[in-house]
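Q: sequence plus the predicted model coming up.
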Amino acid sequence: NAGVTQTPKFRVLKTGQSMTLLCAQDMNHEYMYWYRQDPGMGLRLIHYSVGEGTTAKGEVPDGYNVSRLKKQNFLLGLESAAPSQTSVYFCASSLSRYEQYFGPGTRLTVT
Amino acid sequence: AQSVTQLDSHVSVSEGTPVLLRCNYSSSYSPSLFWYVQHPNKGLQLLLKYTSAATLVKGINGFEAEFKKSETSFHLTKPSAHMSDAAEYFCVVSAGGGYNKLIFGAGTRLAVHP
């Protein structure tokens, strides 16, 4: 039982490049989330999904897209990376009204 | 609207002394509250949760928190700090809604000195 896993762990992009971050969970959770963490700001929700085939915007969705084609996977895409997207990205999953379980994070640097 | 305020951005204690990390919340209804811990370069791990059962909640690694509705507080305590407790701690309130929205505090960095 791996819990929540994220791929890759680290990535460096140049401005304008694109990439996809993959999140996978093996707990059969319905809800999945993408957050970004920046110093002194806690975690901010980017996008979330309440089930396979559904996605919705969180607090800071601009510049990101997501897809949930399979229940266990939640993908976060950056179509044209900007330096402001340098951050640590966390994926999480949960049952409907319980605590969220977090992955180990992806550290992204955009130069 | 729900919000959470962690009253200290940094706390420093000596090994073996008590730990107190303070958290106040604002909620228009009876909230669910959580404390998460994040060790350096790691993900967030759930320490404990309050979901309207007992007001004194025990968590992992000897931590506990007390829900005080009259004071709108949910402070985290531990009787005796260990070097391995050095980490960042987040107080979190559930905002409810259709997708289990969580609102995070800004975090408290705990340093433990020998």
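A: Nice, thanks for sending it over. Note that this is a predicted model, so its numbers are computed, not measured. Numbers count the residues shown, from 1 in each chain, chains lettered A, B, ... in the order given.
Q: only C-alpha atoms from now on, for both contacts and neighbour counts.
A: Noted.
Q: quick one: contacts for the residue lying closest to A:Gly63 once chain neighbours are set aside?
A: Using CA to CA, 6 or more residues apart in numbering or on different chains and skipping the chain neighbours, the partner closest in space to A:Gly63 is A:Leu78 (6.4 Å). Shown in contact with A:Leu78 (CA atoms under 8 Å, 6 or more residues apart in numbering or on different chains): A:18-20, A:63-65.
Q: and those residues, which of them are buried?
A: Those of those that meet the buried threshold are A:64-65, by 16 or more other CA atoms under 10 Å in any protein chain shown.
Q: nearest to chain B, of the contacts of A:Leu78?
A: Closest approach to chain B among those (CA to the nearest CA): A:Asn65, at 18.0 Å.
Q: sorry, back to before: just the ones of the contacts of A:Leu78 in strands?
A: Within these, residues falling in strands by DSSP state E are A:19-20, A:65.
Q: need the residues you listed in TSV (columns: pLDDT and distance to chain B).
A: Output for the ones in strands among the contacts of A:Leu78, formatted as TSV (pLDDT from 0 to 100; distance: CA to the nearest CA, whole Å):
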residue	pLDDT	distance to chain B
A:Met19	95	21
A:Thr20	97	19
A:Asn65	97	18
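Q: how about the residues of chain A that lie near chain B?
A: Counting by CA under 8 Å from any CA of the partner chain, chain A comes close to chain B at A:31, A:40-44, A:48-50, A:90, A:96-99, A:101-105.
Q: can you pull the buried residues of stretch B:30-41?
A: When burial is assessed from 16+ other CA under 10 Å, stretch B:30-41 yields the following buried residues: B:31-38.
Q: in helices, which of these appear?
A: Of the positions in these, not one sits in helices, assigned by DSSP state H.
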